[in-house]
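Asker: just a sequence and a predicted model for now, questions to come.
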Amino acid sequence: MHAYRMLIDGEWVEARSGRTFEVMNPATAEPMATVPDAGAEDVDRAVKAGRRAFDGGWRDATAQERGRVLLRLADTVRREAQRLATLETLNSGKPLAESEFDVNDAATCFEYYGGLATKLHGEVLPVPDNALSMALKEPVGVAAQIIPWNYPLLMAAWKLAPAICAGCSMVIKPAEQTPVTLLELARFFEECGLPKGVVNVVTGFGETAGAPLVAHPQVDKIAFTGSVDVGKSVMRAAAETLKKISLELGGKSPNIFFADADFEAAVDGALFGVFVNQGEVCSAGSRVLVQKPIYKKMLDAMVEKAKRIKLGPGTDSSTKMGPLVSKAQMERVLRYQEIGKREAKVATGGGRPSDAGLQRGYFVEPTIFYDVDNSATIAREEIFGPVMSVIPFEDEADALRIANDTPYGLAAAVWSRDIFKCLRMVKKLQAGIVWVNHMQPTYVEAPWGGYKMSGIGRELGPWGAEEYLQVKQVYINLNEQPIGWY
Ligand code: NAI
Ligand code: MG
């Protein structure tokens, strides 16, 4: 069992308190590592290191230098891919094939921002005077980055890469459940050319390390991904010193199937939309809206396929669904399943699998509830597990009404062979991401973020870098005479 330290100011350190905690393998419910249990004083040390690194030179690093650092990080992730993917699976539970996908995506994210670093530029504005008016882009300063446990390395890459690209320094806190892959990547920061203190990794719990980090007066920007409740507390903490914020808070995304959709693709797309990554996906298509003429047939076909999803440890190559990340998350999902049984009908699943081999880990059966009313708890609250709520609808208007009747607005998908119908839906769906005849593909080139209570701001693409930049307006008077007013 590896005893990790955390990275502050280029040094591998313990928490000042000396406390550590165990990180679990969710497939076996056994500890796989220990990490420092950081508190407010460790966070303070990390933020001050970030501040010194920023003010002491990193803010003046050239765009080319920052770009090269990112390209080296990308190469490192690719070189270490197999090791990182295996560790990601051991720590998060997800099937190895999915970890491999994530690790590749993380490398691609570093590459993208490595290329973007030299393309971020300001503008010259046509003001009506003998002058030059410019808008310059500058890094905001020290960023606090709070990472969730569902895509540990990938979500870290989504936050590290644009911040380095923009020229910020940062303190990043992985989720307490899944710190391993980020700590492994951090071993290479120095050889990738990151000066000490530019990226600090602090391990700890939300209340004791996350809260002091977001409240720290020397932090200029917070990037958070996680639950709505914590998102709100982050926003409150940011108010005190008016920090810039971006929040990605998940959802209850509708996956909408019209009767004229390709049937095979529909069945597959509905299952993939909600069961990939054990359903621990912010954009999970957890509300499956099916038009009445195909409702019964599609439900039967989904159930038949869902029953054959192979549960097991993510390290087994035959596994299609791993355990949930933690005992707490398993219990949360099981609670929702009990609520669902009172609110709707169970078509398959609904609890823990009975296989003897799956009793120790945090496994939950892929579950399909049907005849769900959109007002039910299981149609309104984010479950973050392999639980699908199937809801029938009549026509386009009905589908739109149900789809948009949610406090969330992260993602939506619509399936039909009628492109006019698809485009009418695209225009009216209240979501930051809308897929047509697919659900979940995500690309670093394209913006990611939510409407309504799914968040604030956008990650990825140039939008992701903008979150770490601020604009300075510069006016240069080209007249050499006095103003002549007084
Ligand atoms: P959480 O929101 O508590 O944890 C996410 C991150 O925030 C972790 O790094 C955690 O340490 C940190 N955190 C927790 N409390 C904090 C605080 N007061 N100040 C600063 N940072 C804090 O999520 P949790 O409790 O692990 O999961 C509960 C539910 O949240 C899930 O069932 C799911 O619905 C949602 N969630 C959504 C995610 C998304 O991708 N949008 C990711 C993780 C959870
Ligand atoms: Mg929490």
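Answerer: Right, received. Where do you want to start? Ligands and ions are numbered 1, 2, ... in the order given.
Asker: check for me that Glu304 belongs to a strand.
Answerer: No - the assignment for Glu304 by DSSP: H, G, I helix; E, B strand; the rest coil gives helix, which leaves it out of any strand.
Asker: kindly provide the distance from it to ligand 1.
Answerer: 28 Å (C-beta to the nearest ligand atom, to the nearest Å). No exception for glycine: its C-beta is placed from N, CA and C like everyone else's.
Asker: that residue: neighbour count?
Answerer: Neighbour count of Glu304, defined by other C-beta atoms under 10 Å: 12.
Asker: could you measure from it over to Ala347?
Answerer: Distance of Glu304 to Ala347, computed by C-beta to C-beta, to the nearest Å: 10 Å.
Asker: quick one: is the lengthiest helix in the chain near ligand 1?
Answerer: Determined from DSSP state H, the single longest helix within the chain is helix 96-116. No - Helix 96-116 lies apart from ligand 1 when judged by C-beta under 6 Å from any ligand atom; the minimum separation is 13.3 Å.
Asker: in its sheet, which strands sit next to the helix or strand just after that helix, and in what direction?
Answerer: Next helix or strand after helix 96-116 toward the C-terminus (DSSP states H and E): strand 123-125. According to DSSP bridges, strand 123-125 has the following sheet partners: strand 131-139 (antiparallel).
Asker: show me how far the strand it pairs with is from its chain's centre.
Answerer: Centroid separation for strand 131-139 versus its chain: 32 Å, with C-alpha atoms, centre = their mean, to the nearest Å.
Asker: tell me the buried residues in that strand?
Answerer: 134, 137, 139 (16 or more other C-beta atoms under 10 Å).
Asker: nearest spatial neighbour of the last one, chain-adjacent residues omitted?
Answerer: Residue nearest to Pro139 in three dimensions, not counting chain neighbours: Gly167, with 3.7 Å by C-beta to C-beta, 6 or more residues apart in numbering.
Asker: hang on, isn't that neighbour packed against Thr62?
Answerer: No - using C-beta atoms under 8 Å, Gly167 is not in contact with Thr62, being 9.4 Å away.
Asker: compare those two and say which one has the larger neighbour count.
Answerer: Ranked by neighbour count (other C-beta under 10 Å), Gly167 and Thr62 place Gly167 first, with 26 against 11.
Asker: so what's the backbone phi/psi at that one?
Answerer: Phi and psi for Gly167, reported as degrees, to the nearest 10, are phi 100, psi 20.
Asker: ditto for Val281
Answerer: phi -140, psi 130.
Asker: could you verify my assumption that it touches Gln440?
Answerer: Yes - with contact defined as C-beta under 8 Å, Val281 and Gln440 form a contacting pair (7.2 Å).
Asker: of the buried residues of strand 131-139, closest to ligand 1?
Answerer: The closest of these to ligand 1 turns out to be Pro139 (C-beta to the nearest ligand atom; 22.5 Å).
Asker: count the neighbours of Lys159 for me.
Answerer: Neighbours of Lys159 under the rule other C-beta under 10 Å: 26.
Asker: what sits against it?
Answerer: Contacts of Lys159 were listed using C-beta atoms under 8 Å, 6 or more residues apart in numbering, and they are 143, 145, 147, 170, 172, 223, 225, 459.
Asker: show me which of these neighbour ligand 1.
Answerer: Among the contacts of Lys159, ligand 1 is touched by 147, 225 when using C-beta under 6 Å from any ligand atom.
Asker: looking at Met1 now. What's its pLDDT?
Answerer: For Met1, the model assigns a pLDDT of 87.
Asker: confirm for me that it is in contact with Glu30.
Answerer: No - Met1 lies out of contact with Glu30 (C-beta under 8 Å); the separation is 9.1 Å.
Asker: neighbour count: those two, which is higher?
Answerer: Each of Met1 and Glu30 has its neighbours counted (other C-beta under 10 Å); Glu30 has more, 12 against 9.
Asker: please say which of Val281 and Gln440 ends up with more neighbours.
Answerer: Higher neighbour count among Val281 and Gln440: Val281, with 25 against 20, using other C-beta under 10 Å.
Asker: and the closest residue to the more buried one other than its chain neighbours, backbone torsions?
Answerer: Computed as C-beta to C-beta, 6+ apart, the closest residue to Val281 that is not its neighbour in sequence is Asn150, at 6.4 Å. Main-chain dihedrals, Asn150, degrees, to the nearest 10: phi -80, psi -30.
Asker: ok so, going back, for the residue nearest to Pro139, what are its contacts?
Answerer: By C-beta under 8 Å, 6+ apart, Gly167 lies in contact with 58-59, 61, 63, 66, 138-139, 468.
Asker: check Lys452 too.
Answerer: When contacts are counted by C-beta under 8 Å, 6+ apart, Lys452 is found next to 406-409, 430.
Asker: rerun at 7 Å
Answerer: For Lys452, the contact set (C-beta atoms under 7 Å, 6 or more residues apart in numbering) comprises 407-409, 430.
Asker: by neighbour count, which of the residues you listed wins?
Answerer: Neighbour max across the contacts of Lys452 (other C-beta under 10 Å) = Tyr408, 26 neighbours.
Asker: near ligand 1, which residues of the stretch 301-450 of the chain? Just list them.
Answerer: For the stretch 301-450 of the chain, the residues in contact with ligand 1 (C-beta under 6 Å from any ligand atom) are 332, 382, 384.
Asker: rerun that using 8 Å as the cut-off
Answerer: Where the stretch 301-450 of the chain comes near ligand 1, counting by C-beta under 8 Å from any ligand atom, the residues are 326, 328-329, 332-333, 382-385, 410.
Asker: which one is Ser286 nearest to, not counting chain neighbours?
Answerer: Of all residues not flanking Ser286 in the chain, Val274 sits nearest, at 5.3 Å (C-beta to C-beta, 6+ apart).
Asker: helices or strands up against the helix or strand where that neighbour lies?
Answerer: Assigned by DSSP H and E, Val274 belongs to helix 263-275. Secondary-structure packing of helix 263-275 (3 or more C-beta pairs under 7 Å, 6 or more residues apart in numbering; DSSP states H and E): strand 254-257, helix 292-306, strand 411-415.
Asker: select, out of these, the one closest to Phe369.
Answerer: helix 292-306 (10.4 Å; C-beta to C-beta).
Asker: for the helix or strand just after the closest one, name the packing helices and strands.
Answerer: Of the helices and strands lying after helix 292-306 in sequence (DSSP H and E), the nearest is helix 327-343. Contacts defined by 3+ C-beta pairs under 7 Å, 6+ apart place helix 327-343 against helix 377-380, strand 387-393.
Asker: tell me the mean pLDDT over the last one?
Answerer: Confidence for strand 387-393, expressed as mean pLDDT, is 99.
Asker: same check on stretch 398-418?
Answerer: For stretch 398-418, mean pLDDT is 98.
Asker: pull out the buried residues from that stretch.
Answerer: 399-400, 402-404, 406, 408-416.
Asker: same question, stretch 382-402
Answerer: 382-393, 396, 399-400, 402.
Asker: for Pro441, see how far away the residue in the stretch 301-450 of the chain positioned nearest to ligand 1 is.
Answerer: Of all residues in the stretch 301-450 of the chain, the one sitting closest to ligand 1 is Phe384 (3.4 Å; C-beta to the nearest ligand atom). Distance of Phe384 to Pro441, computed by C-beta to C-beta: 20 Å.
Asker: try Leu120
Answerer: The gap separating Leu120 from Pro441 is 26 Å, by C-beta to C-beta.
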